[in-house]
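[1] got a predicted structure here, sequence first:
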Amino acid sequence: MDYLTLKTAVSEASKTLSGSRISDAWQAGPGEIVLVTRSGPGMLLSIDPVRPGLFLLKPDDLPEKFPTPFTDLLRTRIKGTTIGPIHITEPGERVVTLSFAAVWPAKEGTPLNMVFEVMGRRSNLIILEEERILVPLKPVPKDKSPARPVIAGERYRPPPPRPGIPIENVDTHSLPILTFAGIPGYVHELIQNIRGLSPFTANQAVRLTLLNHPEGDGEDNREDLAGTIREMVASCTGEVGYMLRSGGKIHLSPFEPLHQETSDTLERFSPFSKAAAAWRKSDPSGRGEDQSGPAYLKKGLTEKLERIRSSLDHVDAEEERCRAHNEVRVMAETLLIHVGQIPAGSESVKLPDPYDTSLELTIPLERTKSPQENANDLFSRARRMKRGLEESGSRRSKLEAEIHEVQLAMGALNGKNDTQPARILLNIAASHPTIKAKGSHVPYRGPGRRHMVDGFTILVGKSSTDNEKVTFKVAGPGDLWLHARDYPGSHVVILTEKRHVPDKVLYAAASLAAAGSGAKNDTAPEIMVTERKWVRKIKGGKPGMVTVERFRTIRPRM
């Protein structure tokens, strides 16, 4: 979306959603956030560089959930709040601020905002609390942007303003003299002087002016151009929208644009959100290109590479945390040595280090547990950390091998235009996985909660009885079964249909298994993964109680 279309989308969203209560919120993909209101309409905020913008969607058009740690925080802080003002933060800039009012007493009166920056590949979505960054959708560390880091805890700094005056303040004197010749050069000059004009809107403003006032001289046309631009700004009400297919491109517009070629087609929608939804679902090339074509595959490979590198960062952090397993074990041993000296109900205790009496250890405790129970918990944690350290090496090797595979597929795509390696690697369907075809929404009435990720169905048990149905009545022997290790929780099943399950789907299911278990507060929970045929009911046991004959474990990012 350029500035005028974003301004129109914000205007319609503000009229439609201000004052509405948020009933749910989730992440729909690497760069998409969904907010759903109790009154029905949903709002999609997309930082996808191909189709970025703010979109109002009907309940049937909402994309599926994409489980991530960001989703958990988003729902915790946004769900249940009331939408306040939605506005463009600075005239001429593509930065939107959405305000939310908390209704629960603990947070009532605390400013909670979401800043939505629509700036192509530098787009971002940031949740703020009292002007501090609570969490960004796309972190930008200090080493990449020393002047404007976008990381949790930093004070939010808006993007630096671009040169020129805002489009809303255009007058005759702020415009260069317009002549009939040299339109491309004049359009470029116009964009440099007016903040908020895109190449498309600037070209349209010039051509509309020359069409409506062909007889005027330079000065007259300059006055007419200022009037045309003011009319374009006034059209940003959200009442209508247009989608123009021209020269192999698709343009979204709040005003009626001119046809430039006989082959151009123009569609009118009311309200504007219908035009925006159609534009979002359209082929970015404008040529009806199959989404398994080179451009779409290249985008998919780039996103996959970013996810793998993010996972590698997580492995680094996890290794750093797990290296402290010996220190945790020593704390457990120290508690057992001094078990009779620890007052009941203590939150922490300071005791001499048994391996170096000149040092003192500060050991956190759970007040409701005895020193013996606290020691047992620390021993268990130390064992999990040691296992995690052992597994991280193989995980790192696997991720590095995946990076190599992506680079080979990208090389085949760029060098020989060979799409086959990319198609195999991405395992993509004919259409984008996060966009449902019209009329494809069918309510799920089987056991468990259903999630769709990249064309795979993931079922999550809602209770012990539901777990039993999901595992033994729905899942087949070859389907994948997941469960949090050493914790009670939901049975999670991936219906594979004899297909290879990509890592993205597997780790999405693992995140759901962790979130639906006692491990949801564990920073690195272990999730068991096995084929359903290795899961057995416990004879005489309660519903949902099982034993697992063989399995492997993975650690989703929480």
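    Thanks, I have it.
[2] what is the top helix by length along the chain packed up against?
    Scanning the chain for the helix with the most residues, using DSSP state H, yields helix 371-415. Packing partners of helix 371-415 (3 or more CB pairs under 8 Å, 6 or more residues apart in numbering; DSSP states H and E): helix 294-322, helix 325-337, helix 420-426. In short, each C-beta sits where N, CA and C put it, glycine included.
[3] okay, these in JSON lines with distance to residue 511 and mean pLDDT next?
    Below are these laid out as JSON lines (distance: least, CB to CB, whole Å; pLDDT from 0 to 100):
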{"stretch": "helix 294-322", "distance to residue 511": "12", "mean pLDDT": "81"}
{"stretch": "helix 325-337", "distance to residue 511": "24", "mean pLDDT": "92"}
{"stretch": "helix 420-426", "distance to residue 511": "20", "mean pLDDT": "73"}
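[4] residues contacting residue 501?
    Residues in contact with residue 501 (CB atoms under 8 Å, 6 or more residues apart in numbering) are 456, 480, 494.
[5] go again using 10 Å as the cut-off
    Residues in contact with residue 501 (CB atoms under 10 Å, 6 or more residues apart in numbering) are 427, 453, 454, 456, 458, 479, 480, 494, 495, 509, 529.
[6] closest to residue 375 out of the residues you listed?
    residue 529 (30.9 Å; CB to CB).
[7] is that closest one in contact with residue 505, as I believe?
    No: using CB atoms under 10 Å, residue 529 makes no contact with residue 505, being 11.6 Å away.
[8] out of those two, which sits in the more crowded spot?
    Ranked by neighbour count (other CB atoms under 10 Å), residue 529 and residue 505 place residue 505 first, with 24 against 20.
[9] helix or strand right after the worst-scoring helix or strand of the chain on mean pLDDT?
    Counting by mean pLDDT, DSSP states H and E, the chain has its least confident helix or strand at helix 420-426, which shows a mean of 73. Next helix or strand after helix 420-426 toward the C-terminus (DSSP states H and E): strand 449-453.
[10] list the contacts of that next one.
    29, 63-67, 433-434, 436, 443-444, 457-462, 466, 470, 490, 492, 494-495, 501-502, 504-509, 512, 516.
[11] again, 6 Å this time
    Strand 449-453 is contacted by residues 64, 65, 444, 458, 459, 460, 505, 508 when judged by CB atoms under 6 Å, 6 or more residues apart in numbering.
[12] check stretch 168-181 too.
    91, 165, 189, 218, 221, 222, 223, 225, 226, 229, 233.
[13] check stretch 231-243 too.
    The contact list for stretch 231-243 (CB under 6 Å, 6+ apart) reads 4, 7-8, 11-12, 168, 252-256, 267-272, 275, 278-279.
[14] if I look at residue 359, how far off is residue 324?
    Counting by CB to CB, to the nearest Å, the separation of residue 359 from residue 324 is 15 Å.
[15] more crowded one of these two?
    Using other CB under 10 Å as the criterion, residue 359 and residue 324 rank with residue 324 on top: 14 against 9.
[16] list the contacts of the nearest residue to residue 94 once chain neighbours are set aside.
    Spatial nearest neighbour of residue 94, excluding adjacent residues (CB to CB, 6 or more residues apart in numbering): residue 118 at 4.2 Å. When contacts are counted by CB under 6 Å, 6+ apart, residue 118 touches 6, 52, 94.
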